[in-house]
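Undergrad: For reference, the sequence and a predicted model appear below.
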Amino acid sequence: MDRETFHNCCSLAKMPRQIHQQHCSSYFIDYIERETPYFKFFKNYLIPNQPCMFSKKFTEDWNCRKNWVTVDGKPNLQRLLHEFEKKGMTAHYNETPVPVANCSAKEYNSNPKQIMPFKEFIQYWREYIQNGHSSPKGCLYLKDWHMQRNFPEHNTYKNPIYFSSDWLNEYWDTSEVDDYRFVYMGPKGSWTPFHADVFRSYSWSANICGRKKWLLYPPGQEEFLRDCHGNLAYDVTAPVLQDKGLYAQFEEACQPLEIIQEAGEIIFVPSGWHHQVYNLEDTISINHNWLNGCNLDIMWQFLQDELSSVQREIEEWRDTMDTWHQHCQVIMKSCTGIDYGEFASFLKTIANTRISFLNSCPRNADNCQDLVAESLCALGPHHAAFDLQRVLQIFESMLSNEDFKRLDPSALSFKPEELLQEIREAVRTIV
């Protein structure tokens with residue numbers, strides 16, 4: 001990012017969301033056939049929060065596309081079993097556990113999950129295919145498997161540069177207890193119910209083999225897809241949505257953006273776009289949830305909305321509990337995975353990394369010591385300055401937020417005002 005692009009992007013990022021938010025006027029997405037400059041993607045898709053699709057050329061050199069797929073384009077179940085069970089032999093239980101959802105059952109507003117050995121899932125998948133894609137066990141879908149975290153020595157794929165400014169995984173990697181990089185493996189007919197991604201993050205999903213159908217709704221359309229109790233639809237194609245007594249506003253919703261994703265292609269799903277996804281064939285995909293300075297404001301708004309929802313739910317106890325506000329934060333974290341205190345720590349971690357980078361500013365990626373530094377080197381100092389500007393804007397908003405002001409000072413391990421001053425000084429050195 002050069003100086004001019006930096007100033008243009010900072011201006012675009014300050015625009016009210018409704019000015020450049022897509023609603024129902026467009027029923028197609030851009031298809032990126034070949035390598036394009038990073039900042040074209042940054043300005044055309046990240047900041048305006050627009051979906052797009054990348055061609056299979058972007059994944060053709062991935063090892064997983066070579067090793068996990070048979071010559072006729074099917075999942076190579078024998079190779080997968082050998083690759084992961086052999087590594088799993090060193091594990092305590094002598095096998096590799098994976099999370100598996102039952103797409104044939106509904107539990108609240110999702111599919112019930114269980115943990116099963118990887119070899120048991122592969123055996124099930126073989127039998128499911130042999131039985132004409134049916135089983136008395138239901139349609140099982142291996143979902144949200146932290147393959148990259150569990151098998152870090154595998155070099156199965158490369159994170160495209162377009163998705164490399166990934167604050168979510170950068171932060172959680174520092175704790176070494178979680179990440180948002182997943183592998184999905186499912187037979188024909190497996191699917192994911194209607195939802196938006198964690199923290200209203202971006203996501204990218206690459207089909208290693210097989211085909212998917214996506215139904216996408218722009219932000220705000222989900223409000224027409226709630227029942228009379230305020231619950232989000234489980235399946236947006238279900239006939240029950242035609243019941244005006246249950247779904248009074250369904251007819252006001254636009255038609256979803258329907259996309260068929262072929263083998264090798266990568267779809268970019270923007271923040272807050274609710275979606276429902278079907279595997280049209282036996283399919284393997286790699287998915288990342290991620291966020292950065294472009295959608296940080298959406299995450300902050302999401303957290304405020306979640307806290308307000310919690311406060312409404314337990315409003316009757318407000319005057320009877322001295323720690324009511326702290327209790328709301330605890331409930332919010334149990335529901336979303338983060339509270340205001342950790343969100344502040346998240347921003348501090350991201351800011352500190354970029355301040356250190358700008359202070360040292362390695363000339364090239366060869367001088368970088370880890371993947372985060374390598375990404376910062378590749379994107380350049382003006383991108384780091386843009387990141388800091390965005391952290392600064394959100395922190396200033398947080399400091400004026402009444403619920404943030406009510407946090408126990410001990411919940412923060414730093415003084416926000418001091419961090420803001422460090423950010424301003426670091427940005428001045430580059431702009």
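TA: Here it is on my side, so go on. Fair warning: this is a prediction, and the values are worked out from it, not measured in the lab.
Undergrad: any idea how far K56 is from I350?
TA: Distance, I350 to K56, by C-beta to C-beta, to the nearest Å: 32 Å. Every C-beta, even on glycine, is put in place using the N, C-alpha and C of the backbone.
Undergrad: What of I267?
TA: 12 Å.
Undergrad: Looking at the two, which is more packed in?
TA: I267 (23 against 15; other C-beta atoms under 10 Å).
Undergrad: burial count for Q326?
TA: Neighbour count of Q326, defined by other C-beta under 10 Å: 15.
Undergrad: which SSE is it in?
TA: Secondary-structure assignment from DSSP states H and E places Q326 in helix 324-336.
Undergrad: Kindly export that helix (C-alpha atoms) in PDB.
TA: Taking C-alpha atoms only, helix 324-336 is exported to PDB below (Å, rounded to 0.1, in the frame of the first residue of the first chain):
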ATOM      1  CA  TRP A 324     -25.200  -6.800  37.100                       C
ATOM      2  CA  HIS A 325     -23.000  -5.100  34.400                       C
ATOM      3  CA  GLN A 326     -20.100  -7.500  35.000                       C
ATOM      4  CA  HIS A 327     -22.600 -10.400  34.900                       C
ATOM      5  CA  CYS A 328     -23.800  -9.200  31.500                       C
ATOM      6  CA  GLN A 329     -20.200  -9.400  30.200                       C
ATOM      7  CA  VAL A 330     -19.800 -12.900  31.500                       C
ATOM      8  CA  ILE A 331     -23.000 -14.000  29.800                       C
ATOM      9  CA  MET A 332     -22.000 -12.300  26.500                       C
ATOM     10  CA  LYS A 333     -18.600 -14.100  26.600                       C
ATOM     11  CA  SER A 334     -20.300 -17.500  27.200                       C
ATOM     12  CA  CYS A 335     -22.600 -16.800  24.100                       C
ATOM     13  CA  THR A 336     -20.100 -15.200  21.700                       C
END
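Undergrad: part of a helix, is Q421?
TA: Yes - the assignment for Q421 (DSSP: H, G, I helix; E, B strand; the rest coil) places it in a helix.
Undergrad: Helix or strand for the residue nearest to the spatial centre of the chain, just tell me which one.
TA: Per C-alpha atoms, centre = their mean, the C-alpha nearest to the average position across the chain is that of N289, at 2.0 Å. Using DSSP H and E, N289 maps to strand 283-290.
Undergrad: buried stuff in that strand?
TA: Across strand 283-290, burial judged by 16 or more other C-beta atoms under 10 Å covers 283-290.
Undergrad: And those residues, which is closest to I260?
TA: When these are compared for distance to I260 (C-beta to C-beta), T283 wins out at 12.1 Å.
Undergrad: picking up where we left off before, from F163, how far off is the residue nearest to the centre of the chain?
TA: Taking C-beta to C-beta as the measure, N289 falls 10 Å from F163.
Undergrad: Overlap in contacts, these two.
TA: Taking C-beta atoms under 8 Å, 6 or more residues apart in numbering as the criterion, N289 and F163 both touch Y202.
Undergrad: mind checking how far stretch 55-65 is from the chain centre?
TA: 21 Å (C-alpha atoms, centre = their mean, to the nearest Å).
Undergrad: ugh, typo on my part, it should be stretch 183-203
TA: The answer for stretch 183-203 is 10 Å, by C-alpha atoms, centre = their mean.
Undergrad: Ok, stretch 129-136 next?
TA: Distance of stretch 129-136 from its chain centroid, counting by C-alpha atoms, centre = their mean, is 32 Å.
Undergrad: Quick one: end-to-end distance for it.
TA: 13 Å (C-alpha to C-alpha, to the nearest Å).
Undergrad: for the record, mean pLDDT for that stretch?
TA: Average pLDDT, stretch 129-136: 95.
Undergrad: Pull out the buried residues from it.
TA: So stretch 129-136, judged by 16+ other C-beta under 10 Å, has buried residues 129, 135.
Undergrad: One more: stretch 336-351?
TA: Within stretch 336-351, the residues that qualify as buried are 336, 338-341, 343-348, 350-351, counting by 16+ other C-beta under 10 Å.
Undergrad: Not counting its own residues, what contacts that stretch?
TA: Residues from elsewhere that reach stretch 336-351 (C-beta under 8 Å, 6+ apart): 167, 170-171, 174, 198-199, 299-300, 303, 306-307, 329-330, 332-333, 387-388, 391, 394-395, 398, 403-404, 407, 411-414, 416, 419, 422-423.
Undergrad: Return the subset of those residues lying in helices.
TA: 167, 170-171, 174, 299-300, 303, 306-307, 329-330, 332-333, 387-388, 391, 394-395, 398, 403-404, 416, 419, 422-423 (DSSP state H).
Undergrad: can you list contacts of the host helix or strand of R65?
TA: Element membership for R65 (DSSP H and E) is helix 63-67. Helix 63-67 is contacted by residues 59, 76, 79, 83, 154-157, 208-209, 264, 284, 286 when judged by C-beta under 8 Å, 6+ apart.
Undergrad: Narrow those to those in strands?
TA: Among the contacts of helix 63-67, the members found in strands (DSSP state E) are 208-209, 284, 286.
Undergrad: for those, which one is nearest D178?
TA: Of all the ones in strands among the contacts of helix 63-67, D178 sits closest to I286, with 17.3 Å by C-beta to C-beta.
Undergrad: what bridges to the closest one?
TA: Taking DSSP bridges as the rule, I286 bridges to V183, A206.
Undergrad: Next up, the contacts around it.
TA: 64, 156-157, 181-184, 205-206, 208.
Undergrad: make it 6 Å
TA: I286 makes contact with 157, 183, 206, according to C-beta atoms under 6 Å, 6 or more residues apart in numbering.
Undergrad: what's the answer for F199, then?
TA: Counting by C-beta under 6 Å, 6+ apart, F199 has contacts M299.
Undergrad: need the helices for the stretch 151-300 of the chain, in chain order.
TA: 167-175, 296-313 (DSSP state H, counting those that start in this stretch).
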